[in-house]
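Novice: Coordinates only, no sequence provided:
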């Protein structure tokens, strides 16, 4: 069983999909492997729910997201998010990350960090 080291948010994955050189260099320097990287169901919903997405874009996104470990939302996570959002004033996509890995709540990842997918 592999140990999860990274949880990528939507913006970070978007940077990788767009082959942002800063993000790709950061991933490379950390030697991050997809077997160590998670993405949430929120990210999948954000990408695949985009208006005007083409079939080719959808296929590419699905293929790349499937390489990352899926972090599902459970009702327990949802309840924590519901209670956390009013007091923390953070965006929904960031709440999922906070709840899933609360030890990282006060830490900020380096600008644009993600992994090659």
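Specialist: Yes, it's here. Not measured: the values here are computed from a predicted model.
Novice: use CA for all of it now, contacts and neighbours both
Specialist: Noted.
Novice: so what does the helix of greatest length in the chain touch, helix or strand wise?
Specialist: For the chain, the helix with the greatest residue count under DSSP state H is helix 75-88. When contacts are defined as 3 or more Cα pairs under 8 Å, 6 or more residues apart in numbering; DSSP states H and E, helix 75-88 packs onto helix 92-100.
Novice: Need phi/psi at residue 8.
Specialist: Main-chain torsions, residue 8, degrees, to the nearest 10: phi -90, psi 130.
Novice: Mind listing the residues bridging to it?
Specialist: Here residue 8 sits in beta bridges with residue 39, going by DSSP bridges.
Novice: was I right about it contacting residue 38?
Specialist: Yes - using Cα atoms under 8 Å, residue 8 makes contact with residue 38 at a distance of 6.2 Å.
Novice: First-to-last residue distance for stretch 67-75?
Specialist: 25 Å (Cα to Cα, to the nearest Å).
Novice: next one: the helix or strand containing residue 15 to chain centre, how far?
Specialist: Per DSSP states H and E: residue 15 is located in helix 10-17. Distance of helix 10-17 from the chain centroid (Cα atoms, centre = their mean, to the nearest Å) equals 8 Å.
Novice: Flag every buried residue along it.
Specialist: By 16 or more other Cα atoms under 10 Å, the buried positions in helix 10-17 come out as 10, 12, 13, 14, 15, 16, 17.
Novice: Show me what the following helix or strand past that helix is packed against.
Specialist: As assigned by DSSP H and E, the chain's next helix or strand after helix 10-17 is helix 21-30. Helix 21-30 makes packing contacts with helix 10-17 when contacts are defined by 3+ Cα pairs under 8 Å, 6+ apart.
Novice: ok, so what distance separates the residue lying farthest from the centre of the chain from residue 73?
Specialist: Largest separation from the mean C-alpha position in the chain: residue 87, at 22.6 Å (Cα atoms, centre = their mean). With the distance defined as Cα to Cα, residue 87 ends up 20 Å from residue 73.
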